[in-house]
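# Okay, predicted coordinates and the sequence, questions at the end:
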Amino acid sequence: MGATSTGTVEVSSHEYARAVRDEVFGRRVFVRGAVEVSSHCRENCHYCGMRRDNQALKRYRLAADELAELIIHRRPAAITDIDIHAGEDALTVSEVVLPLVRELRRRTTLGITLCLGTLSPRDYDGLREAGSDCYLMKIETGNSEHYDFIGAPGTLAERSAAICYLASKGWKVFSGLISGLPAQTEAQLEQTLNLLTLLPLDGCSVSPFVAGDQTTFGSHPNGDLEEALNHLAWMRLRSPRWLIAASSALQLLSENGYVRAFNAGANLAAINLTPPSARADYPIYKRDRVIMEEDRVLSAIQAAGCDPSPVSIADHLRDATGRKPGPTRAATSAKENSATELMSSPTTAPLSHARSSTRRNDPAAEPHSTAGSIRPDSMGTMPPG
């Protein structure tokens with residue numbers, strides 16, 4: 001915060017974003033437990049240490065019964081949801097995740113989020129029927145050519161189509177981007193942020209790029225913490241009702257990265273529940289990544305002046321869906337067409353031009369939010385810090 005030449009107080013975009021979050025959600029942060037059940041992966045993303053060509057990585061699949069025991073009996077009290085992560089691997093889905101989801105649904109009321117990559121419609125449907133609530137499907141970049149350059153799974157069109165399929169089947173869908181990727185331009189970042197607002201999402205995240213030791217991009221510089229936080233604040237201002245995660249990569253770049261994420265509008269945290277013996281073999285960033293354990297997460301929430309939410313993500317989204325009508329088929333179709341056009345465009349119009357687009361999370365369309373009255377005039381462009 002600073003002062004203008006006239007002596008009036010100037011409020012940063014992070015403070016505006018935090019105020020919008022507080023208005024919509026209060027100062028409650030959703031806390032889920034993240035468990036990384038397998039490091040086997042058939043994809044070859046240039047930015048990820050679990051890429052299939054990384055022969056130095058020790059691969060593992062954890063046992064479903066041991067995971068169920070850990071989650072049911074030894075999870076921290078603040079956790080209301082479980083986030084099950086794995087590399088893209090069909091065997092893990094059938095032998096680990098499906099039985100684990102069934103057991104968790106049978107014995108707990110936890111919300112269940114999955115992050116398993118691009119699967120078949122049959123796999124998605126089976127996981128949904130087993131009792132899963134949410135799916136995390138990151139696009140990382142919203143420009144088709146850049147998506148191919150970073151070696152992300154399949155094509156951007158396929159990834160976006162999977163998001164739309166999941167949403168059509170009743171999943172609550174989350175996505176995200178990586179800020180500071182090699183060869184990423186400002187125009188591509190704007191294109192990515194715009195695309196995310198067009199997809200049928202309930203939440204999102206921003207992770208700064210971290211150069212992994214055993215990746216194609218290992219020699220590139222890390223992304224910029226301030227830029228990542230600015231993009232996070234922009235997301236909150238553009239989509240007030242999104243659940244926006246604080247990424248552990250932020251903490252890797254700065255010891256107060258997690259706290260600053262909450263102060264820029266984030267309202268979702270994750271406590272790592274992966275058994276210590278397996279953590280080093282799940283190098284989504286690098287082997288010496290920061291592990292967000294219970295004390296570290298809860299201390300960051302408290303330092304940001306927030307409290308853990310007693311309500312699960314799944315229950316919150318279920319209640320929110322019941323309070324408002326869903327989009328019409330025409331509106332959904334128009335949104336998908338706009339997303340398709342945006343993905344194929346080499347550049348994009350300034351973000352301010354997208355403010356008039358049809359979108360589910362427009363604060364003007366939300367009867368319980370007056371967020372539009374406190375957003376900065378520059379909300380349409382990516383904010384400075």
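Now that the structure is in, tell me what you want to look at.
# how about the helices of the stretch 101-250 of the chain, start to end?
121-130, 144-149, 156-168, 186-198, 225-238, 248-253 (DSSP state H, counting those that start in this stretch).
# quick one: the third one to chain centroid distance?
This means helix 156-168. Centroid separation for helix 156-168 versus its chain: 15 Å, with CA atoms, centre = their mean, to the nearest Å.
# Sort out which residues of it are buried, please.
156, 159, 160, 161, 162, 163, 164, 165, 166, 167 (16 or more other CB atoms under 10 Å). For every residue, glycine as well, the C-beta is placed using N, CA and C.
# between that helix and helix 186-198, what angle do the directions make?
With axes from the mean of the first three to the mean of the last three CA atoms, to 10 degrees defining the directions, helix 156-168 sits at 20 degrees from helix 186-198.
# My guess is residue 14 contacts residue 261. True?
No: with contacts counted by CB atoms under 8 Å, residue 14 stays clear of residue 261, the gap being 9.7 Å.
# So which of the two has more stuff around it?
Set residue 14 next to residue 261 and count neighbours by other CB atoms under 10 Å: residue 261 wins out with 31 against 23.
# ok, the more buried one - contacts?
229, 232, 246, 247, 250 (CB atoms under 8 Å, 6 or more residues apart in numbering).
# sorry, back to before: including pLDDT and distance to residue 191, could the buried residues of helix 156-168 go into TSV?
Formatted as TSV, the buried residues of helix 156-168 follow (pLDDT from 0 to 100; distance: CB to CB, whole Å):
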residue	pLDDT	distance to residue 191
156	98	10
159	98	14
160	98	13
161	98	18
162	98	19
163	98	16
164	98	18
165	98	22
166	98	22
167	98	21
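# ok, which pair from those is furthest apart?
156 and 167 (16.8 Å; CB to CB).
# the strands in the stretch 1-150 of the chain, which residues?
2-3, 9-10, 28-38, 81-86, 111-115, 134-136 (DSSP state E, counting those that start in this stretch).
# weakest of these in terms of mean pLDDT?
For these, mean pLDDT drops lowest on strand 2-3, to a mean of 38.
# Now tabulate the strands of the stretch 1-150 of the chain in CSV and tack on mean neighbour count and distance to residue 20.
Shown next, in CSV, are those (neighbours: other CB atoms under 10 Å; distance: least, CB to CB, whole Å):
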stretch, mean neighbour count, distance to residue 20
strand 2-3, 8, 20
strand 9-10, 10, 17
strand 28-38, 24, 14
strand 81-86, 25, 23
strand 111-115, 24, 24
strand 134-136, 23, 22
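# Can you name the residues bridging to the nearest residue to residue 274 once chain neighbours are set aside?
Nearest residue to residue 274, sequence neighbours excluded (CB to CB, 6 or more residues apart in numbering): residue 36, at 4.4 Å. Residue 36 has these beta-bridge partners by DSSP bridges: residue 85.
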